[in-house]
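Visitor: let me see the structure of the following:
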Amino acid sequence: MFHFSGLTFILTYFFITSSVFGSLEDEPQCLSRFDYEFKVVQKLADLENKLKEQQQTIENLQHKCTGDVLSEKQVAFSAYLTGDMTSVPSHRIIIFNEVQTNVGDAYNGKTGIFVCRIPGVYVFYWVTTNKNRNYMDSELVVNGNERSHAFSDSGDHDDYSVASNVVTTELRFGDQVWIRSGTWHNGNLAGERRTSFSGWILYMR
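Guide: Just a heads-up that it's a prediction; the model follows:
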């Protein structure tokens with residue numbers, strides 16, 4: 001992690017103090033004592049505002065050097081399965097190929113894997129759909145470890161069945177999350193954007 005060096009802070013302090021005291025030396029041109037006092041107060045207020053601006057600039061630089069930038073804190077994605085899947089083996093990653101939202105570019109629509117770049121607490125939500133006497137057990141997986149299941153089953157009917165689940169979990173940098181088939185299914189999933197995977201950051205850690 002990058003930190004400001006002592007020299008950097010010394011130069012920054014010198015710049016600010018030079019600006020403040022240099023400005024005070026500029027004697028305001030006044031017509032009366034009241035006018036003089038008013039302009040001095042106004043000058044001090046202006047200097048206080050400039051000092052606050054300098055402090056904000058320093059804080060922004062610190063944030064940038066540590067990667068703590070607001071735009072980089074935002075993570076959210078939503079992806080869908082466009083085509084039906086058949087003959088799916090057990091523990092096969094389900095690739096939600098149509099990525100409609102991918103703020104932070106953390107979800108890969110080619111691999112089906114979400115990779116954490118901002119450590120924090122995340123929420124993941126997924127939906128599986130089956131049709132016409134098919135059933136599917138799906139799992140949310142974090143770094144190869146199953147966290148939760150969703151089971152959709154059309155039973156003996158020529159109809160759609162839908163299952164969903166939501167998981168809140170803490171992730172570290174580099175952690176990976178995906179949805180895969182479970183072990184109790186007949187290898188079929190409905191596409192047409194009826195099967196989906198979404199996630200977003202709740203707060204950073």
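
Visitor: mind listing the helices for this protein?
Guide: In the chain, the helices defined using DSSP state H lie at 6-24, 33-65.

Visitor: could you tell me the least trusted of those?
Guide: When the helices of the chain are ranked by mean pLDDT, helix 6-24 comes last with a mean of 49.

Visitor: which residues of this structure fall in strands?
Guide: 76-81, 98-103, 107-108, 113-115, 120-131, 135-142, 145-153, 160-171, 176-181, 195-204 (DSSP state E).

Visitor: export these to CSV and tack on mean neighbour count and distance to Gly187?
Guide: (Each C-beta comes from the backbone N, C-alpha and C, glycine too.) Output for the strands of the chain, formatted as CSV (neighbours: other CB atoms under 10 Å; distance: least, CB to CB, whole Å):
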stretch, mean neighbour count, distance to Gly187
strand 76-81, 21, 14
strand 98-103, 14, 21
strand 107-108, 21, 24
strand 113-115, 19, 21
strand 120-131, 20, 11
strand 135-142, 22, 8
strand 145-153, 16, 13
strand 160-171, 16, 15
strand 176-181, 21, 8
strand 195-204, 19, 14
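
Visitor: what's around the closest residue to Asp156 other than its chain neighbours, how many residues?
Guide: Nearest residue to Asp156, sequence neighbours excluded (CB to CB, 6 or more residues apart in numbering): Arg133, at 6.2 Å. By other CB atoms under 10 Å, 15 other residues sit near Arg133.

Visitor: what does Asn134 give?
Guide: When neighbours are defined as other CB under 10 Å, Asn134 has 21 of them.

Visitor: before we move on, the earlier item: correct me, but the residue nearest to Asp156 touches Ser154?
Guide: Yes - using CB atoms under 8 Å, Arg133 is in contact with Ser154, at 5.3 Å.

Visitor: for the strands of the chain, give me a markdown table that also has distance to Lys50 and mean pLDDT.
Guide: Shown next, in a markdown table, are those (distance: least, CB to CB, whole Å; pLDDT from 0 to 100):
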| stretch | distance to Lys50 | mean pLDDT |
| --- | --- | --- |
| strand 76-81 | 38 | 97 |
| strand 98-103 | 35 | 97 |
| strand 107-108 | 44 | 98 |
| strand 113-115 | 43 | 97 |
| strand 120-131 | 35 | 95 |
| strand 135-142 | 49 | 94 |
| strand 145-153 | 52 | 93 |
| strand 160-171 | 41 | 95 |
| strand 176-181 | 46 | 96 |
| strand 195-204 | 31 | 96 |
